[in-house]
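Novice: Sequence first, predicted model second:
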Amino acid sequence: MTIWTIPLPTKATTERTFTEQSTDSYENQSNTFIPIFQLVDVQPDDWSFQALELISERYGCLDENSFLRNPESGSFTRNEFAIILSNCLDRLSQQTTESSLGVSSEDLLILQRLQSEFSPQLAAIRNQVNQLDNRSNLLETQQFSTTTRLEGEVVLAVAGVIGEERADQNNESIDRTLVGGNRVRLELLTSFTGSDQLRLRLQARDIPELENVTGTQMSNLGFDGSNGNNIELDRLDYEFAIGDRASAVVSLAGGGLGDYVSTVNPLFSGSSDGAISTFGRENPIRRQGGAPGVGLTYELSEAVSLEVGYVASQATNPEVGIAQSPYGAIAQITVEPSDTTRFSVTYLRSFNGLDTGTGSVRSGDPFDGDSEAMIANSFGAEVSFDLNEAVIGGRVGFIQANAKDLAANPSADIFTWAVLAGFSELGGEGNLAGLVIGQPPRITRNQYAEAEQAASWHLEAFYQAQINDRILITPGIIILLNPEHSANNAPIYVGTIRATFSF
């Protein structure tokens, strides 16, 4: 948008043209005081309204739908009127440039006076247009392409472990270990229609899994893993809308079954900006299977949504196929009855996908490795309450596993729970303090072998400091009591500092 500026006439000329209007307000203007007419709304019987309407009729500088012709409120603020005037001046400027159409000297004087009286408002509009042009130019120079956005993230981490002798590992001690690592991600996000998104993520990482030191998955961090810092395709999926209420996602690589359903405790779920442990990020029952897969979300109402998903991790392997691949199917109802309360109920069925990577070794294989056809039915519930700048939440998960290929089809029950608390803006804008207390997956009943008698306790605290828009520093500590659900095992202490850089 451009603002057409016409050199102002002398006051005497203006007064001769508009003898029926008083121009006393001009004579008292100064750089210090705002004239009273600059504070009054424009009425349909004001000269400025009638003058612009006359210009519009003569030169067609306003379209038929202009609300100047049908004012609903009977009057306009000076800013509203200035916008209409600006549009008329812009159209006249374009017409005189593209054709031989000229503006009569009498009408030119009218336009000049209109510009004079509304010069503060027109200047403000001009300033806003310039700011929008600058932002548009910045976006054009920074965007990766017209349809694709490039995002990047680097995670640097240092972690230390302290422990004592492990009774379940022939009294081998856990050495005091300090490790460091990194994870680099580049993500290309492409939209073809505005309501879809193709995501392609490349990743290189080398952050050790602490279970190799401690002997238990309970100590694993939520951002660990290593591929020797080689570049790999970590994520490839396509999400698109189906009508006004439904959306679908097709995943070809990366992601897990839990990615197809929402979490009601999102402060903890991110690997780079959530809880520091794998257990703290999400309900373990959701970690039973990975892509390829498909998911569907349907909004039953503004407050209720239904989400379903299916994954078969080895479906693309011709020697395994969909029929024999470990699979997982999930369905979840999420309800948000108010802005401060959210809860969900989840059902999941899996085949040979019982190991959630968060519990004891036995909870991932309760049949001592003798079964090759484990079917599991899992049930979960999660709730979250927003209390000003504090969020209190909790979750429970129950898994009933059956060995279909063993005599009598023995079953085992596995239980997990957690209580979560997050405190936003603690110590500064963007900061987050988090607490996680819970029990990693534990066998509470087993028809094939013994149940796990002593419950492990997972105690976690972290503080996420927002250094600026692109840097997060998160120190945290994890304390494991009765690791591997054994009272004979001494506590394990894990400390870490995670630094996240995004661009």
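Specialist: Structure received. Residues are numbered from 1 along each chain as shown.
Novice: care to break this structure down by domain?
Specialist: 11-139, 146-152+183-461 (automatic domain parsing).
Novice: wait, which of those domains is closest to Val161?
Specialist: domain 146-152+183-461 (5.4 Å; Cβ to Cβ). All C-beta atoms are positioned from the backbone trio N, CA, C, and that covers glycine.
Novice: so Pro410 makes contact with Lys404?
Specialist: No: taking Cβ atoms under 8 Å as the definition, Pro410 is not a contact partner of Lys404, at 9.9 Å.
Novice: So if I had to pick from these two, which one is more boxed in?
Specialist: Between Pro410 and Lys404, counting by other Cβ atoms under 10 Å, Pro410 is the more crowded of the two (18 against 12).
Novice: Now do the same contact list for the more buried one.
Specialist: Phe367, Asn402, Ala403, Asn446, Gln447, Tyr448 (Cβ atoms under 8 Å, 6 or more residues apart in numbering).
Novice: Tell me the one among the residues you listed nearest to Ser116.
Specialist: Asn402 (85.7 Å).
Novice: For that closest one, the count of nearby residues, please.
Specialist: Residues within reach of Asn402, counting by other Cβ under 10 Å, total 18.
Novice: so where does it fall, helix or strand?
Specialist: strand 390-403 (DSSP states H and E).
Novice: May I have the strands that pair with that strand, each with its orientation?
Specialist: strand 374-387 (antiparallel), strand 411-424 (antiparallel) (DSSP bridges).
Novice: List the buried residues in it.
Specialist: Val391, Ile392, Gly393, Gly394, Arg395, Val396, Gly397, Phe398, Ile399, Ala401, Asn402, Ala403 (16 or more other Cβ atoms under 10 Å).
Novice: Export the residues you listed as CSV, with columns for distance to Tyr347 and pLDDT.
Specialist: Output for these, formatted as CSV (distance: Cβ to Cβ, whole Å; pLDDT from 0 to 100):
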residue, distance to Tyr347, pLDDT
Val391, 25, 95
Ile392, 25, 96
Gly393, 20, 96
Gly394, 19, 97
Arg395, 14, 98
Val396, 13, 98
Gly397, 11, 98
Phe398, 11, 98
Ile399, 11, 97
Ala401, 15, 97
Asn402, 16, 96
Ala403, 21, 96
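Novice: need the helices for the stretch 201-350 of the chain, in chain order.
Specialist: Assigned by DSSP state H, counting those that start in this stretch, the stretch 201-350 of the chain shows helices spanning 211-214, 278-281, 321-324.
Novice: any chance of those helices in CSV, plus distance to Asn134?
Specialist: Output for the helices of the stretch 201-350 of the chain, formatted as CSV (distance: least, Cβ to Cβ, whole Å):
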stretch, distance to Asn134
helix 211-214, 52
helix 278-281, 40
helix 321-324, 53
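Novice: Need the winner for burial among those.
Specialist: The highest average neighbour count among the helices of the stretch 201-350 of the chain, using mean count of other Cβ atoms under 10 Å, belongs to helix 278-281 at a mean of 26.
Novice: Flag the shaky bits of the chain, pLDDT-wise.
Specialist: 1-39, 64-74, 98-101, 137-146, 165-173, 175, 316-323 (pLDDT under 70).
Novice: Nearest the middle, which residue of it would you pick?
Specialist: Pro266 (9.1 Å; Cα atoms, centre = their mean).
Novice: Can you spell out which helices and strands pack onto the lengthiest helix in the chain?
Specialist: Taking DSSP state H as the criterion, the chain has its longest helix at helix 119-142. Helix 119-142 is packed against helix 78-98, with contacts defined by 3 or more Cβ pairs under 8 Å, 6 or more residues apart in numbering; DSSP states H and E.
Novice: Next, the angle helix 119-142 makes with the helix it packs on.
Specialist: With axes from the mean of the first three to the mean of the last three Cα atoms, to 10 degrees applied, the angle from helix 78-98 to helix 119-142 works out at 70 degrees.
Novice: continuing past helix 78-98, what's the next helix or strand?
Specialist: Counting by DSSP H and E, what follows helix 78-98 is helix 105-117.
Novice: Show me what that next one is packed up against.
Specialist: Applying 3+ Cβ pairs under 8 Å, 6+ apart, one finds that helix 105-117 contacts helix 11-17, helix 47-59, helix 78-98.
Novice: try it again with 7 Å
Specialist: Helix 105-117 sits against helix 11-17, helix 47-59, with contacts defined as 3 or more Cβ pairs under 7 Å, 6 or more residues apart in numbering; DSSP states H and E.
Novice: how about the longest one: buried residues?
Specialist: Same thing as helix 47-59. Judged by neighbour count (16+ other Cβ under 10 Å), helix 47-59 contains these buried residues: Trp47, Ser48, Phe49, Ala51, Leu52, Glu53, Ile55, Ser56, Tyr59.
Novice: can you count the residues close to Gly152?
Specialist: 12.
Novice: is it in a bridge, and if so with what?
Specialist: Those that pair with Gly152 in a beta bridge, by DSSP bridges, are Leu186.
Novice: contacting residues for it?
Specialist: Shown in contact with Gly152 (Cβ atoms under 7 Å, 6 or more residues apart in numbering): Arg185, Leu186, Ser502, Phe503.
Novice: So among those, which ones count as buried?
Specialist: Buried among the contacts of Gly152 (16+ other Cβ under 10 Å): Arg185, Leu186.
Novice: Just name the closest of the contacts of Gly152 to Val129, please.
Specialist: Closest approach to Val129 among the contacts of Gly152 (Cβ to Cβ): Phe503, at 29.8 Å.
Novice: show me the contacts for the residue nearest to the residue nearest to the centre of the chain when sequence neighbours are not counted.
Specialist: Ranked by Cβ to Cβ, 6 or more residues apart in numbering and with sequence neighbours excluded, the top spatial neighbour of Pro266 is Gly274, at 8.0 Å. Taking Cβ under 7 Å, 6+ apart, we find Gly274 in contact with Gly222, Leu267, Phe268, Arg281.
Novice: Redo those residues as TSV? Include distance to Ile473.
Specialist: Listed next are the contacts of Gly274 as TSV, based on distance: Cβ to Cβ, whole Å:
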residue	distance to Ile473
Gly222	16
Leu267	17
Phe268	17
Arg281	19
